[in-house]
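Colleague: This is a predicted model, with the sequence first.
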Amino acid sequence: MSPLHLSFYSAFVLSGLGLAFHRTHLISALLCLESIMLSMFVGLTIWPIENQTPSFTIVPIIILTFSACEASTGLAIMVASTRTHGSDHLHNLNLLRC
Amino acid sequence: MTYFVFFLGACFVIGILGVASNPSPYYGVVGLVLASVAGCGWLLSLGVSFVALVLFMVYLGGMLVVFVYSVALAAEPFPEAWGDWRVAGYAGALAAVVLVGLVLGGVVGSWGFGVVTVDSVGMFVVRLDFSGVAMLYSRGVGMFLVAGWGLLLTLFVVLELVRGLSRGAIRAV
(Lines give C-alpha, C1' and ligand atoms only; values in the text may rest on other atoms or scores of the structure.)
Protein backbone atom coordinates (compact mmCIF):
# COMPACT_ATOMS: atom_id res chain seq x y z
CA MET A 1 0.00 0.00 0.00
CA SER A 2 1.44 3.40 -0.84
CA PRO A 3 2.06 5.66 2.15
CA LEU A 4 -0.54 8.23 1.11
CA HIS A 5 -3.27 5.60 0.84
CA LEU A 6 -2.12 4.35 4.21
CA SER A 7 -2.50 7.87 5.59
CA PHE A 8 -6.21 8.36 4.92
CA TYR A 9 -6.96 4.70 5.60
CA SER A 10 -5.43 4.85 9.08
CA ALA A 11 -7.15 8.21 9.67
CA PHE A 12 -10.48 6.51 8.88
CA VAL A 13 -9.72 3.60 11.23
CA LEU A 14 -8.60 5.95 14.00
CA SER A 15 -11.76 8.05 13.72
CA GLY A 16 -13.92 4.93 13.75
CA LEU A 17 -12.17 3.70 16.89
CA GLY A 18 -12.55 7.13 18.46
CA LEU A 19 -16.28 6.99 17.75
CA ALA A 20 -16.54 3.50 19.24
CA PHE A 21 -14.58 4.29 22.41
CA HIS A 22 -16.39 7.50 23.18
CA ARG A 23 -16.09 8.88 26.66
CA THR A 24 -18.25 11.69 28.03
CA HIS A 25 -19.42 14.23 25.48
CA LEU A 26 -21.82 13.68 22.59
CA ILE A 27 -20.06 16.39 20.60
CA SER A 28 -16.75 14.47 20.79
CA ALA A 29 -18.49 11.58 19.02
CA LEU A 30 -19.85 14.04 16.43
CA LEU A 31 -16.30 15.36 15.89
CA CYS A 32 -15.14 11.78 15.21
CA LEU A 33 -17.93 11.47 12.62
CA GLU A 34 -16.66 14.65 11.00
CA SER A 35 -13.12 13.29 10.86
CA ILE A 36 -14.44 10.07 9.26
CA MET A 37 -16.02 12.25 6.59
CA LEU A 38 -12.82 14.26 6.14
CA SER A 39 -10.71 11.15 5.56
CA MET A 40 -13.29 9.83 3.08
CA PHE A 41 -13.29 13.16 1.24
CA VAL A 42 -9.51 13.14 0.86
CA GLY A 43 -9.55 9.51 -0.27
CA LEU A 44 -12.30 10.13 -2.83
CA THR A 45 -10.43 13.17 -4.18
CA ILE A 46 -7.21 11.17 -4.66
CA TRP A 47 -9.07 8.60 -6.82
CA PRO A 48 -9.76 10.86 -9.86
CA ILE A 49 -6.20 12.20 -9.63
CA GLU A 50 -4.67 8.75 -9.84
CA ASN A 51 -7.02 7.48 -12.55
CA GLN A 52 -7.08 10.83 -14.42
CA THR A 53 -10.87 10.77 -14.76
CA PRO A 54 -12.34 14.26 -14.30
CA SER A 55 -15.95 13.17 -13.96
CA PHE A 56 -15.35 11.40 -10.67
CA THR A 57 -14.50 14.75 -9.06
CA ILE A 58 -18.24 15.24 -8.59
CA VAL A 59 -18.36 12.52 -5.91
CA PRO A 60 -16.37 14.34 -3.18
CA ILE A 61 -18.52 17.44 -3.69
CA ILE A 62 -21.73 15.44 -3.30
CA ILE A 63 -20.42 13.67 -0.23
CA LEU A 64 -19.46 17.01 1.30
CA THR A 65 -23.03 18.21 0.74
CA PHE A 66 -24.61 15.25 2.47
CA SER A 67 -22.05 15.40 5.27
CA ALA A 68 -23.14 18.97 5.94
CA CYS A 69 -26.71 17.68 6.28
CA GLU A 70 -25.56 14.97 8.69
CA ALA A 71 -23.48 17.36 10.78
CA SER A 72 -26.33 19.82 11.16
CA THR A 73 -28.73 17.06 12.19
CA GLY A 74 -26.22 15.76 14.75
CA LEU A 75 -25.75 19.23 16.19
CA ALA A 76 -29.53 19.70 16.41
CA ILE A 77 -29.73 16.43 18.38
CA MET A 78 -27.00 17.69 20.68
CA VAL A 79 -28.80 20.99 21.25
CA ALA A 80 -32.05 19.16 22.01
CA SER A 81 -30.22 16.85 24.42
CA THR A 82 -28.62 19.79 26.21
CA ARG A 83 -31.94 21.55 26.46
CA THR A 84 -33.58 18.44 27.92
CA HIS A 85 -30.89 17.03 30.22
CA GLY A 86 -28.80 20.10 30.96
CA SER A 87 -25.59 18.73 29.43
CA ASP A 88 -24.55 16.66 26.41
CA HIS A 89 -23.10 13.80 28.43
CA LEU A 90 -23.65 10.44 26.81
CA HIS A 91 -24.78 8.71 30.01
CA ASN A 92 -27.90 10.89 29.94
CA LEU A 93 -29.14 9.07 26.81
CA ASN A 94 -30.31 6.01 28.70
CA LEU A 95 -33.95 5.49 27.72
CA LEU A 96 -33.13 2.19 25.99
CA ARG A 97 -31.21 0.80 28.96
CA CYS A 98 -32.83 -2.20 30.62
CA MET B 1 8.30 17.45 -3.09
CA THR B 2 7.29 13.86 -2.51
CA TYR B 3 8.50 14.03 1.07
CA PHE B 4 6.57 17.23 1.64
CA VAL B 5 3.37 15.46 0.62
CA PHE B 6 4.24 12.59 2.95
CA PHE B 7 4.81 15.06 5.77
CA LEU B 8 1.35 16.54 5.15
CA GLY B 9 -0.10 13.02 5.17
CA ALA B 10 1.58 12.39 8.53
CA CYS B 11 0.19 15.68 9.93
CA PHE B 12 -3.25 14.55 8.74
CA VAL B 13 -3.00 11.34 10.73
CA ILE B 14 -1.67 13.15 13.81
CA GLY B 15 -4.57 15.62 13.71
CA ILE B 16 -7.09 12.79 13.43
CA LEU B 17 -5.37 11.01 16.32
CA GLY B 18 -5.83 14.18 18.36
CA VAL B 19 -9.58 14.05 17.68
CA ALA B 20 -9.97 10.31 18.20
CA SER B 21 -8.30 10.32 21.61
CA ASN B 22 -11.42 12.20 22.78
CA PRO B 23 -10.05 15.12 24.77
CA SER B 24 -12.41 17.88 25.87
CA PRO B 25 -14.24 19.17 22.74
CA TYR B 26 -12.33 22.46 22.83
CA TYR B 27 -9.12 20.57 22.01
CA GLY B 28 -10.77 18.05 19.70
CA VAL B 29 -11.75 20.88 17.36
CA VAL B 30 -8.10 22.03 17.25
CA GLY B 31 -7.09 18.55 16.09
CA LEU B 32 -9.77 18.58 13.40
CA VAL B 33 -8.65 22.02 12.16
CA LEU B 34 -5.04 20.76 11.94
CA ALA B 35 -6.20 17.68 10.03
CA SER B 36 -8.27 19.68 7.54
CA VAL B 37 -5.45 22.20 6.98
CA ALA B 38 -3.04 19.32 6.33
CA GLY B 39 -5.58 17.63 4.03
CA CYS B 40 -6.12 20.87 2.11
CA GLY B 41 -2.35 21.35 1.71
CA TRP B 42 -2.06 17.74 0.56
CA LEU B 43 -4.72 18.22 -2.14
CA LEU B 44 -3.11 21.50 -3.21
CA SER B 45 0.25 19.78 -3.61
CA LEU B 46 -1.37 17.13 -5.78
CA GLY B 47 -2.73 19.84 -8.06
CA VAL B 48 -6.50 19.79 -7.46
CA SER B 49 -6.72 23.33 -6.17
CA PHE B 50 -10.47 23.72 -6.68
CA VAL B 51 -11.45 20.76 -4.51
CA ALA B 52 -8.90 21.84 -1.88
CA LEU B 53 -10.44 25.30 -1.69
CA VAL B 54 -13.94 23.81 -1.53
CA LEU B 55 -12.73 21.76 1.45
CA PHE B 56 -11.29 24.86 3.08
CA MET B 57 -14.29 27.08 2.64
CA VAL B 58 -17.21 24.68 3.04
CA TYR B 59 -15.74 22.28 5.57
CA LEU B 60 -13.40 24.44 7.62
CA GLY B 61 -15.12 27.79 7.16
CA GLY B 62 -18.69 26.51 7.29
CA MET B 63 -19.16 23.28 9.16
CA LEU B 64 -16.33 23.61 11.65
CA VAL B 65 -17.33 27.17 12.57
CA VAL B 66 -20.78 25.84 13.44
CA PHE B 67 -19.15 23.08 15.48
CA VAL B 68 -16.92 25.52 17.31
CA TYR B 69 -19.72 27.62 18.62
CA SER B 70 -21.81 24.57 19.44
CA VAL B 71 -18.93 23.35 21.61
CA ALA B 72 -19.95 26.10 24.01
CA LEU B 73 -22.79 23.80 25.10
CA ALA B 74 -20.18 21.31 26.33
CA ALA B 75 -18.75 23.63 28.97
CA GLU B 76 -17.08 22.00 31.95
CA PRO B 77 -14.96 23.52 34.73
CA PHE B 78 -11.79 21.43 34.17
CA PRO B 79 -11.41 20.53 30.47
CA GLU B 80 -8.99 17.68 29.71
CA ALA B 81 -6.25 18.49 27.24
CA TRP B 82 -3.81 16.03 25.67
CA GLY B 83 -1.45 16.24 28.63
CA ASP B 84 -4.00 14.57 30.85
CA TRP B 85 -3.14 10.93 31.51
CA ARG B 86 -6.57 9.66 30.44
CA VAL B 87 -6.40 11.33 27.03
CA ALA B 88 -2.71 10.49 26.51
CA GLY B 89 -3.47 6.86 27.38
CA TYR B 90 -6.23 6.73 24.78
CA ALA B 91 -3.97 8.36 22.16
CA GLY B 92 -1.15 5.91 22.89
CA ALA B 93 -3.47 2.90 22.79
CA LEU B 94 -5.03 4.00 19.47
CA ALA B 95 -1.61 4.60 17.90
CA ALA B 96 -0.40 1.21 19.19
CA VAL B 97 -3.45 -0.56 17.72
CA VAL B 98 -2.86 1.02 14.31
CA LEU B 99 0.88 0.22 14.38
CA VAL B 100 0.28 -3.41 15.35
CA GLY B 101 -2.26 -3.67 12.54
CA LEU B 102 0.27 -2.24 10.09
CA VAL B 103 3.03 -4.64 11.10
CA LEU B 104 0.78 -7.70 11.16
CA GLY B 105 -0.81 -6.77 7.86
CA GLY B 106 2.58 -6.75 6.18
CA VAL B 107 2.21 -3.15 5.09
CA VAL B 108 5.44 -1.77 6.54
CA GLY B 109 7.70 -4.12 4.61
CA SER B 110 6.28 -3.40 1.16
CA TRP B 111 6.04 0.35 0.55
CA GLY B 112 5.42 1.66 -2.95
CA PHE B 113 6.69 5.21 -3.18
CA GLY B 114 5.40 7.86 -5.52
CA VAL B 115 2.95 10.72 -5.91
CA VAL B 116 0.64 11.16 -8.90
CA THR B 117 -0.26 14.72 -9.77
CA VAL B 118 -2.58 16.42 -12.18
CA ASP B 119 -1.35 18.00 -15.38
CA SER B 120 -2.90 19.95 -18.22
CA VAL B 121 -1.82 17.68 -21.05
CA GLY B 122 -2.28 18.22 -24.75
CA MET B 123 -5.38 20.02 -25.89
CA PHE B 124 -6.95 20.69 -22.48
CA VAL B 125 -6.87 24.23 -21.13
CA VAL B 126 -8.99 23.44 -18.09
CA ARG B 127 -7.61 21.36 -15.22
CA LEU B 128 -9.00 18.08 -14.01
CA ASP B 129 -11.03 19.21 -11.03
CA PHE B 130 -12.45 22.37 -12.59
CA SER B 131 -13.80 20.47 -15.56
CA GLY B 132 -14.99 17.61 -13.37
CA VAL B 133 -17.00 19.71 -10.96
CA ALA B 134 -18.39 21.75 -13.85
CA MET B 135 -19.91 18.50 -15.09
CA LEU B 136 -22.08 18.49 -11.98
CA TYR B 137 -24.10 21.34 -13.42
CA SER B 138 -24.35 20.01 -16.99
CA ARG B 139 -24.41 16.20 -17.00
CA GLY B 140 -25.11 15.66 -13.32
CA VAL B 141 -27.98 18.11 -13.00
CA GLY B 142 -30.26 15.41 -11.58
CA MET B 143 -27.87 14.71 -8.70
CA PHE B 144 -27.39 18.44 -8.23
CA LEU B 145 -31.14 18.93 -7.77
CA VAL B 146 -31.38 15.92 -5.44
CA ALA B 147 -28.58 17.33 -3.27
CA GLY B 148 -30.27 20.74 -3.17
CA TRP B 149 -33.56 19.10 -2.20
CA GLY B 150 -31.77 17.16 0.54
CA LEU B 151 -30.28 20.35 1.95
CA LEU B 152 -33.69 22.03 2.00
CA LEU B 153 -35.17 18.98 3.73
CA THR B 154 -32.40 19.06 6.34
CA LEU B 155 -33.31 22.64 7.16
CA PHE B 156 -36.80 21.54 8.15
CA VAL B 157 -35.47 18.49 10.00
CA VAL B 158 -33.26 20.71 12.16
CA LEU B 159 -36.15 23.11 12.72
CA GLU B 160 -38.33 20.31 14.06
CA LEU B 161 -35.57 18.82 16.23
CA VAL B 162 -34.79 22.01 18.11
CA ARG B 163 -38.33 23.23 18.46
CA GLY B 164 -38.84 23.38 22.20
CA LEU B 165 -41.86 23.70 24.48
CA SER B 166 -43.22 20.10 24.19
CA ARG B 167 -43.19 20.05 20.38
CA GLY B 168 -39.58 18.84 19.99
CA ALA B 169 -38.58 15.34 18.87
CA ILE B 170 -36.37 14.66 21.88
CA ARG B 171 -37.89 15.20 25.29
CA ALA B 172 -37.13 13.60 28.65
CA VAL B 173 -40.66 12.63 29.59
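Modeller: Okay, I see it. Source: prediction; values computed, not measured.
Colleague: Which helix or strand contains the residue most central in space within chain B?
Modeller: When C-alpha atoms, centre = their mean is applied to chain B, the residue found nearest the centroid is B:S36 (5.4 Å). Using DSSP states H and E, B:S36 maps to helix B:25-46.
Colleague: Can you mark which positions in the helix or strand that that helix is followed by are buried?
Modeller: The helix or strand immediately downstream of helix B:25-46 is helix B:49-54, counting by DSSP H and E. Buried residues in helix B:49-54, defined by neighbour count with 16 or more other C-beta atoms under 10 Å in any protein chain shown: B:49-52, B:54. C-betas here are computed from N, CA, C, even on glycine.
Colleague: How about stretch B:129-146?
Modeller: Applying 16+ other C-beta under 10 Å to stretch B:129-146 flags B:129, B:132-134, B:136, B:140, B:144 as buried.
Colleague: does it come close to chain A?
Modeller: Yes - shown here: stretch B:129-146 in contact with chain A (C-beta under 8 Å from any C-beta of the partner chain) through B:129, B:131-133, B:135-136, B:139-140, B:143.
Colleague: circling back: among the buried residues of helix B:49-54, name the ones that also lie close to chain A.
Modeller: Counting by C-beta under 8 Å from any C-beta, the members of the buried residues of helix B:49-54 near chain A are B:51, B:54.
Colleague: Now do the same for the most centrally placed residue in chain A: its pLDDT.
Modeller: Centroid-nearest residue in chain A, with C-alpha atoms, centre = their mean: A:L33, separated by 2.1 Å. In this prediction, A:L33 carries a pLDDT score of 94.
Colleague: Appreciated, that's everything.
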